[in-house]
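Q: Could you look at this predicted model? Sequence included:
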Amino acid sequence: MELLDRTTATEYAACFKALADPSRVQLVELLARHGEPMGVGEIVTAMGLAQSTVSQHLKILLDVRFLLVERDGNARRYRINANCIEYFPSAADVIMGKPSPTSAMSCE
């Protein structure tokens, strides 16, 4: 039996760790359902969290590329990285022993 290579395992672990907080799961769900980029103020209002807390969560999700940021003048707007979200379930399948998909998880 061949183990998942360490680089891929590390990438998958980072993604799961990023979603290990209920607020980050809600944030991903909010942006996915909204379907359009949202500013921090909109996210703060929708989630009822402090701006500093939302900003921390956004940074973590950006670091693993679940989210992308767009400049809108001086503001930043956040959106789901469809490539990453599309392939994320494959990571869960792979670590649970299901066959690897034909294409690897990619958040590019």
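A: Alright, I've got the coordinates.

Q: Now tell me what touches the helix or strand that T45 is a member of from outside.
A: T45 is part of helix 40-47 when elements are defined by DSSP states H and E. The contact list for helix 40-47 (C-beta atoms under 8 Å, 6 or more residues apart in numbering) reads 23, 26-27, 30-31, 38, 50-51, 54-55, 58, 75-76, 78. Heads up, the C-betas are built off the backbone N, CA and C, glycines and all.

Q: That helix: what's the following helix or strand?
A: Downstream of helix 40-47 (by DSSP H and E), the next one is helix 51-63.

Q: what packs against that next one?
A: helix 6-18, helix 22-34, helix 40-47, strand 67-72 (3 or more C-beta pairs under 8 Å, 6 or more residues apart in numbering; DSSP states H and E).

Q: again, only this time at 6 Å
A: Here helix 51-63 touches helix 22-34, helix 40-47, going by 3 or more C-beta pairs under 6 Å, 6 or more residues apart in numbering; DSSP states H and E.
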